[in-house]
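J.: build me a structure from this.
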Amino acid sequence: MTASIMKGNSPVEIKKVSISSKRQVTIPQKFFKMLGFGHEAECIVRGNELVLRPLKEGGGGEFSEQILEELIREGFSGEELLHKFKERQRMVRPAVESLISEAEKAAHGETKSFSYDEVFKMEE
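T.: So this is what the prediction gives:
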């Protein structure tokens, strides 16, 4: 049986699952399909929560064009370009996760947040 609650403005679905003696958990089929799980998942500890989310195959390419353009402008080419590209591409996910974490803290009032006007205030 699945329960639904509201967390802030977002509906949250909850389903109790069993953990096997080998520490295995079965993802409910509804959640598996809804979230687009494939053959791998990402397991994250966030505070006192364990977050299990689909691992997007071929991920990390969200900013590929921008990264390449920047590296070419910086004068990289050949093997050096490839090395620098991979290096910077690995930095994208941690940076995005950090931004999300900061946004969540601001949303929960755990850090100072800024209004739209404070962020985009026109210089006078």
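J.: only C-alpha atoms from now on, for both contacts and neighbour counts.
T.: Noted.
J.: host element of the residue most central in space within the chain?
T.: If you average the C-alpha coordinates of the chain and look for the closest C-alpha using CA atoms, centre = their mean, you land on E97, 5.1 Å from that point. Remark: E97 resides in helix 78-107, with elements defined by DSSP states H and E.
J.: which stretches of the chain have low pLDDT?
T.: Low-confidence regions of the chain, defined here as pLDDT under 70, cover residues 1-2, 57-62, 122-124.
J.: kindly state the domain boundaries assigned to it.
T.: 21-56, 58-115 (automatic domain parsing).
J.: save those as CSV, and put in distance to S10 too.
T.: CSV is the format used below for these (distance: least, CA to CA, whole Å):
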stretch, distance to S10
domain 21-56, 16
domain 58-115, 13
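J.: buried deepest among those domains, which one?
T.: Per-residue neighbour counts averaged over each of the domains of the chain give the maximum for domain 58-115, namely a mean of 12 (mean count of other CA atoms under 10 Å).
J.: what is the helix holding E97 packed up against?
T.: helix 64-73 (3 or more CA pairs under 8 Å, 6 or more residues apart in numbering; DSSP states H and E).
J.: now do the contacts for E102.
T.: E102 makes contacts with T111, as judged by CA atoms under 8 Å, 6 or more residues apart in numbering.
J.: mind starting the numbering at 214 from now?
T.: From this message on, residue numbering opens at 214, which makes the last subject E315.
J.: tell me how far it lies from R259.
T.: When CA to CA, to the nearest Å is the yardstick, E315 and R259 sit 13 Å from each other.
J.: equivalent analysis for P241, please.
T.: Using CA to CA, which is the criterion applied here, P241 is 21 Å from R259.
J.: next one: V238
T.: Taken as CA to CA, the spacing of V238 relative to R259 amounts to 18 Å.
J.: with S223 instead?
T.: From S223 across to R259, the span is 19 Å (CA to CA).
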